[in-house]
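*Asks:* Predicted model and sequence below, questions to follow.
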Amino acid sequence: MGDAAHTAHFSIGSGTKLALEDAIDLANEFATGLPIDDVLQHYEARRSIEVLKIQNAARNSTEWFENVERYAGMEVEQFSYSLLTRSQRISHENLRLRDAAWLEGYEAWLAGGKAAVPPMLTPFTLRDCTLKNRIVVSPMATYSAVDGVPQDFHLVHLGARALGGAALVMVEMTSPTPEGRITPACTGLWNDAQQAAFARIVSFVHGSSTAKIGLQLGHSGPKGSTRVGWEGTDEPLAADDPHGNWPLLAASPIAYGEQNQTPAAMTRADMDRMTAAFVASAQRAVACGFDWLELHCAHGYLLASFISPLTNQRTDDYGGSLDNRCRYPLEVFAALRAVWPQGKPLSVRISAHDWAPGGTTADDAVAMARLFKAAGADLIDVSSGQTTRAAKPVYGRMYQTPFADRIRNEVGIAAMAVGAITEADQANSIVAAGRADLCAIARPHLADPAWTQHAAAQLSPMAAAHIDWPAQYWSGRDQMLREISKQKQVLAQVNQAQAAIKTEAIE
Ligand SMILES: Cc1cc2nc3c(=O)[nH]c(=O)nc-3n(C[C@H](O)[C@H](O)[C@H](O)COP(=O)(O)O)c2cc1C
């Protein structure tokens, strides 16, 4: 009966388990004595959620086998880990429950030494820049700038996160021109006042923490002249807004939404002016001392508007094929690479999937990554969507990580995963399986500036030892570790007591 109800691909070996669970559940429902229609409805409602999870895992597993050549270049240790975690239902800590000694051996192998280190706390080097671990504070607009100048809010906000244990703190999308800002409260880097304010923030991060700090440069394009996030993301400024609506530029004259302005299609002269503005900003970023630069080519902003076929309807050399659509973003990228110091990483954020009919897909993302790699990109920061209001993303934990996995392992370039990564266990699994090199964590860092320190403390005292806290906070760290250890002891006692009660009941 169970087998007739649901099935899952055999590659995770859960078909029989699923069938037995289905049958047991149905029997239990009948035992309630409710009318048969209610029994079947309750059964269906409860089981379909669990079955979907198993079927998703089975699909992941099938895809892993179907694309096994993607992982064939890995060393055998990592290949085995990738195989074991292919369904994404078995995480790092789950593997520890099954075979702690094996996992510790793998952690030590991955860390390149004798001691086991949680994968997310291993260092990572690109060019001359070594990050102390794999956790990045993802760029997040704070809508708190005045005339493009970052304020004390930015110093405290970014400073706190630099003290909080992440290896790299990315500054929000910062525009090379006044019109390139998303909102009137977004940051810019086109004048001396902005440069001085950013230099102060960089100097604090370098002087008081062991984190690196990066700048994300981007122009809002068709999504510009809009309101601060909490007044309506992507909605145009009110007609009586003191800043006035400013004219927009994009690849093609396609408005982002019914209420948004229709942008002007960029002319060749616009492109030259814009590239020069990006270069000037990058030069200012060099002067500020930033460690890392990222070009924002995602989320429907100016450069993304060239890449997606849904927003690029040009008939010149900058429209049509993916190669053509990437031409202008690649021009800007190459111009940045020419002025950005050779020893410092330059990354690019892309939308790996438009999540909309006729839009880009993961196959296109792989092709885009190849183009940016050839242009000298050091890492692809793999986001998705936000390029069209028609998008219907399929959300879920780590939902964009499969795109990073494809890019890293098919193109052979470093990749940053982002999106719904909320737990250390997930970050450890992603890094250990070689699905991405870095994990960018956004919203959890709004809730907790010290996410990395706190996540490491929860993992184990050994993990906590691998992460530096500012000396000023050591007594807080020690107390936190003691409290966590006590909580774990209590939990272990509760588990033991429960097990004893169960055994007694059976006897
Ligand atoms: C308030 C807020 C502002 C954001 N601003 C930016 C930004 O400036 N640049 C960017 O590339 N992504 C931006 N994002 C997207 C995040 O960097 C990240 O990709 C997204 O939130 C998914 O990660 P999460 O699930 O960890 O939050 C923003 C997200 C939030 C929540």
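*Replies:* Everything's here; your move. All figures in this text were calculated on a predicted structure; none of them were measured in a lab.
*Asks:* got any ranges where the chain has weak pLDDT?
*Replies:* Across the chain, the stretches falling below the confidence threshold (pLDDT under 70) are 506-507.
*Asks:* How about the residues of the stretch 151-300 of the chain by the ligand?
*Replies:* Listed as neighbours of the ligand in the stretch 151-300 of the chain under the rule C-beta under 6 Å from any ligand atom: 172, 173, 216, 229, 296, 298. For the C-beta atoms, the positions are set from N, CA and C on the backbone; glycine is no exception.
*Asks:* In terms of helices and strands, where is the third one?
*Replies:* Residue 216 belongs to strand 212-217 when elements are defined using DSSP states H and E.
*Asks:* again, but for the first one
*Replies:* Assigned by DSSP H and E, residue 172 belongs to strand 168-174.
*Asks:* What's the first helix or strand after the strand holding residue 216?
*Replies:* strand 249-250.
*Asks:* any idea how far that following strand is from the chain center?
*Replies:* Chain-centre distance of strand 249-250: 26 Å, with C-alpha atoms, centre = their mean, to the nearest Å.
*Asks:* Residue 110 contacts residue 118, correct?
*Replies:* No. Applying C-beta atoms under 8 Å, one finds residue 110 not in contact with residue 118, separated by 9.6 Å.
*Asks:* between those two, who's got more neighbours?
*Replies:* Each of residue 110 and residue 118 has its neighbours counted (other C-beta atoms under 10 Å); residue 118 has more, 27 against 21.
*Asks:* Checking the residue lying closest to the more buried one once chain neighbours are set aside next. Helix, strand or coil?
*Replies:* Using C-beta to C-beta, 6 or more residues apart in numbering and skipping the chain neighbours, the partner closest in space to residue 118 is residue 463 (4.7 Å). Here residue 463 takes the helix state, with states given by DSSP: H, G, I helix; E, B strand; the rest coil.
*Asks:* Please report how far residue 463 lies from the ligand.
*Replies:* Per C-beta to the nearest ligand atom, to the nearest Å, residue 463 is found 20 Å from the ligand.
*Asks:* just residue 335 next, same as before
*Replies:* Distance, residue 335 to the ligand, by C-beta to the nearest ligand atom: 20 Å.
*Asks:* repeat for residue 148
*Replies:* 14 Å.
*Asks:* Break the protein down into its structural domains.
*Replies:* 2-66, 76-110, 119-465, 474-506 (automatic domain parsing).
*Asks:* For these, state which one has the densest average packing.
*Replies:* Sort those by mean neighbour count, taking mean count of other C-beta atoms under 10 Å, and domain 119-465 sits at the top with a mean of 20.
*Asks:* Run the chain-centre distance for that one.
*Replies:* In terms of C-alpha atoms, centre = their mean, the centre of domain 119-465 is set 10 Å apart from its chain centre.
*Asks:* Start and end of it, how far apart?
*Replies:* Terminal residues of domain 119-465 are spaced 14 Å apart (C-alpha to C-alpha, to the nearest Å).
*Asks:* Adjust the sequence numbering to begin at 9 for everything that follows.
*Replies:* Sounds good: first residue 9 from here, last item domain 127-473.
*Asks:* for the helix ranked longest in the chain, packing partners?
*Replies:* Scanning the chain for the longest helix, with DSSP state H as the assignment, gives helix 482-514. Applying 3 or more C-beta pairs under 8 Å, 6 or more residues apart in numbering; DSSP states H and E, one finds that helix 482-514 contacts helix 459-467, helix 469-473.
*Asks:* quick check: angle from the first one to helix 482-514?
*Replies:* So that's helix 459-467. 40 degrees (axes from the mean of the first three to the mean of the last three C-alpha atoms, to 10 degrees).
*Asks:* touching the ligand at all, helix 459-467?
*Replies:* No. Judged by C-beta under 6 Å from any ligand atom, helix 459-467 stays clear of the ligand, getting no closer than 9.9 Å.
*Asks:* if I look at the residue most central in space within the chain, how far off is the ligand?
*Replies:* What sits nearest the mean C-alpha location of the chain, by C-alpha atoms, centre = their mean, is residue 426, with 0.8 Å. Separation of residue 426 from the ligand (C-beta to the nearest ligand atom) stands at 4 Å.
*Asks:* now residue 293
*Replies:* Distance from residue 293 to the ligand, by C-beta to the nearest ligand atom: 15 Å.
*Asks:* Report the secondary structure element holding that residue.
*Replies:* Element membership of residue 293, judged by DSSP H and E, is helix 276-296.
*Asks:* and the angle for that helix with strand 220-225?
*Replies:* Using the same axes, to 10 degrees: helix 276-296 against strand 220-225 is 160 degrees.
*Asks:* who touches helix 276-296?
*Replies:* 182-185, 188, 197-198, 202-203, 206-207, 210, 223, 225, 227, 257, 272, 274, 301, 303, 310, 336, 339-340, 343-344, 346-349 (C-beta atoms under 8 Å, 6 or more residues apart in numbering).
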